[in-house]
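Peer 1: Below: sequence and its predicted model.
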Amino acid sequence: MIAELSKASTLKDLLAAEAARFTAEHPRSVAMAAQAASVWRGGAPMHWMNDWASPSPIFAAQGVGAQITDVDGKLYDDFCLGDTPGMFGHGEASVAAAVADQARRGTGFMLPTASSIIVGRLLAERFGLPLWQTATTASDANRAAIRWARAVTQRPVILVFDGCYHGMVDDAFVVLKDGARVMKPGLLGQVHDLTATTWVVPFNDLAALEMALASDQVAAVLAEPVMTNCGMILPEPGFHEALRRLTRDAGTLLILDETHTLSSGPGGYAGLHGLEPDMLVVGKAIAGGVPAAVWGVTAELSARMDAAQARIGPGQSGIGTTLSGNALAMAAMRAMLSEVMTPAAYDRMLAGAERLVAGLNAVIAARGLPWSVVHVGARVELVFADPPPKNAAQMRKALDHDLVAALHLWLINRGVLIAPFHNMMLVSPVTEDASIDRLVAAVDGFAGALEGLSA
């Protein structure tokens, strides 16, 4: 530690030293990144793969359980888990066997399979909504839910919460700036003014929510039960009960996106807390990393959907893609729902998360740091603020991007991966206590390094 601290007197010095260490210790990843730049725009198959704090992407070789090995032979404790698709562990045997078996028999037919009936029943039993449809991603599922909400209510507006993220859904790329709604900075190629049909209010602000819903223009509120992409922001006590009451009173549908909060329990956050959405969206982990998502509806809403379709008549709805509901995805979802996403698996995840929360809080207390820890289910967030923010505006003020980058790169160089966006950590059923303890020790080491820096 003394040798490391002698190289760094400021946070920028620390970042530079850690970047040099990464480059020296990852020659094959650095070389592959140079090769990739000649064939992939931006240097990777997906631009998010370049969003890690490392100077170049880590090229993965294999993932087993809750660990990843890279092409340089380095082993990482993985608390990113693919930003949720690997929430139950990499290379899960039941899913691998189901996918391999289905692949030998055909991956997609544009026809249902017998497994689809079983998957539908398992979804209904688990999440409480009786009728379901599939999509290829949660983005697609959210788009479908929004379109149906507008068709059913014959209203144009979708209401979201400031700082939300619902995948690649244009309607959700609206934020608040100085109290006014604007399109999210960085949004590429959008020619329509999204603020005309997307309204946005702060999370946890019931007065603003009630005011927005007083109009008869809002088709649906689209929300995560817990905000997870602008740093983790928990709902205030009574918020969800009021949200449900206000939407019902306004004739507005409630769409809950459980793609991240699925870590809360076998029935997600809604199941754990008795929430009653009109539509429920689940993606990422539902098929163990095979691209798939699902969205469910109440029987009452399904009848209204039938009526809306009857009003319009036959023709292309513009909802759905050829790969949605393919046989491979159904096989993976069947294995996940019946063999992997068990109460026992959730018990292990939640116990591990509690261990991580306790360890991080102990570091914060011992070092007197102005930080806090927020968590929902097996998802844990280290926030560089105390108390933790209650809305996106407060969270943006707390986000120190250089400090976040320094922590992430520090962890990478010590064999720990967390999600590259803010400080999210996810615990799987196969995450070992020793891995959790190594993560906590690495965060403690980082805090110690910060103490040695000048202002």
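Peer 2: Okay, I see it.
Peer 1: Checking L222 next. Helix, strand or coil?
Peer 2: The three-state assignment at L222 reads strand, by DSSP: H, G, I helix; E, B strand; the rest coil.
Peer 1: Show the pLDDT at the residue nearest in space to the middle of the chain.
Peer 2: Centroid check for the chain by C-alpha atoms, centre = their mean gives H260 as the closest residue, at 4.1 Å. In the predicted model, H260 carries a pLDDT score of 95.
Peer 1: One more: M1?
Peer 2: In this model, M1 carries a pLDDT of 33.
Peer 1: Kindly report the same for L399.
Peer 2: Confidence at L399, expressed as pLDDT, is 89.
Peer 1: just K7 next, same as before
Peer 2: As summarised for this prediction, K7 has a pLDDT of 47.
Peer 1: What about the nearest residue to the residue nearest to the centre of the chain once chain neighbours are set aside, how many residues nearby?
Peer 2: Sequence neighbours aside, T228 is the residue nearest to H260 in space, at 4.2 Å (criterion: C-beta to C-beta, 6 or more residues apart in numbering). C-beta: built from backbone N, CA, C; applies to glycine. When counting by other C-beta atoms under 10 Å, one arrives at 26 neighbours for T228.
Peer 1: show me what contacts T228?
Peer 2: Taking C-beta atoms under 8 Å, 6 or more residues apart in numbering as the definition of contact, the neighbours of T228 are 165, 260-261, 376, 379, 381, 424.
Peer 1: Repeat the analysis, applying 7 Å as the threshold.
Peer 2: Under the criterion of C-beta atoms under 7 Å, 6 or more residues apart in numbering, the neighbours of T228 are 260-261, 379.
Peer 1: Could you do L350 as well?
Peer 2: The contact partners of L350, taken as C-beta under 7 Å, 6+ apart, are 377-378.
Peer 1: 6 Å instead, please
Peer 2: Neighbouring residues of L350 by C-beta atoms under 6 Å, 6 or more residues apart in numbering: A378.
Peer 1: what do you get for E125?
Peer 2: Under the criterion of C-beta under 6 Å, 6+ apart, E125 has no neighbours.
Peer 1: and it, what element?
Peer 2: Of the helices and strands defined by DSSP states H and E, E125 is found in helix 114-127.
Peer 1: in that helix, what's buried?
Peer 2: Of the residues in helix 114-127, 115-116, 119-120, 122-123, 126-127 count as buried by neighbour count, 16 or more other C-beta atoms under 10 Å.
Peer 1: Now distance to A219 and pLDDT too, for these, in JSON lines please.
Peer 2: Shown next, in JSON lines, are the buried residues of helix 114-127 (distance: C-beta to C-beta, whole Å; pLDDT from 0 to 100):
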{"residue": "S115", "distance to A219": "33", "pLDDT": "97"}
{"residue": "S116", "distance to A219": "29", "pLDDT": "97"}
{"residue": "V119", "distance to A219": "28", "pLDDT": "98"}
{"residue": "G120", "distance to A219": "26", "pLDDT": "98"}
{"residue": "L122", "distance to A219": "29", "pLDDT": "98"}
{"residue": "L123", "distance to A219": "24", "pLDDT": "98"}
{"residue": "R126", "distance to A219": "27", "pLDDT": "98"}
{"residue": "F127", "distance to A219": "22", "pLDDT": "98"}
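Peer 1: Please identify which of these is nearest to N326.
Peer 2: Checking the buried residues of helix 114-127 against N326 by C-beta to C-beta gives S116 as the nearest, at 10.0 Å.
Peer 1: quick one: contacts for the closest one?
Peer 2: For S116, the set of contacting residues under the criterion of C-beta under 6 Å, 6+ apart consists of M330.
Peer 1: try it again with 7 Å
Peer 2: When the contact criterion is C-beta under 7 Å, 6+ apart, the partners of S116 are 325, 330.
Peer 1: Quick check on L382: phi, psi?
Peer 2: The phi and psi torsions at L382 (degrees, to the nearest 10) take the values phi -90, psi 120.
Peer 1: Not including adjacent chain positions, what is the nearest residue to it?
Peer 2: Taking C-beta to C-beta, 6+ apart, and ignoring the residues beside it in sequence, L382 has N423 as its nearest neighbour in space, at 4.1 Å.
Peer 1: okay, now that neighbour: neighbour count?
Peer 2: When neighbours are counted by other C-beta under 10 Å, N423 registers 24.
Peer 1: Confirm that R245 sits in a helix.
Peer 2: Yes. When the secondary structure is assigned by three-state DSSP, R245 falls within a helix.
Peer 1: I'd like the distance between it and P55.
Peer 2: Look at R245 and P55: by C-beta to C-beta, to the nearest Å, they are 50 Å apart.
Peer 1: And the helix holding E125, how far out from the chain middle?
Peer 2: Its chain's C-alpha centre lies 23 Å from the corresponding centre of helix 114-127 when counted by C-alpha atoms, centre = their mean, to the nearest Å.
Peer 1: Could you double-check that C230 lies in contact with M395?
Peer 2: Yes. At 5.2 Å, C230 and M395 qualify as touching, with contact defined as C-beta atoms under 7 Å.
Peer 1: Overlap in contacts, those two.
Peer 2: Contact criterion C-beta under 7 Å, 6+ apart; residues bridging C230 and M395 by contacting each: G163.
Peer 1: on that earlier part again, which of R245 and P55 has more residues huddled nearby?
Peer 2: A count of neighbours by other C-beta under 10 Å puts P55 above the other of R245 and P55, at 15 against 12.
Peer 1: Three-state assignment for that one, please.
Peer 2: coil.
Peer 1: Not counting sequence-adjacent ones, nearest residue to it?
Peer 2: Beyond its immediate neighbours in the sequence, the residue positioned closest to P55 (C-beta to C-beta, 6+ apart) is A19, lying 4.9 Å away.
Peer 1: just how off-centre is the helix or strand hosting that neighbour within its chain?
Peer 2: Assigned by DSSP H and E, A19 falls within helix 11-25. On the basis of C-alpha atoms, centre = their mean, the separation between the geometric centre of helix 11-25 and that of its chain is 28 Å.
Peer 1: Pull the residues that contact the helix or strand just after it.
Peer 2: Once the chain leaves helix 11-25, the next helix or strand it forms, by DSSP H and E, is helix 27-36. Where contact means C-beta under 7 Å, 6+ apart, the residues beyond helix 27-36 that reach it are 23, 43-44, 56-59, 70-72.
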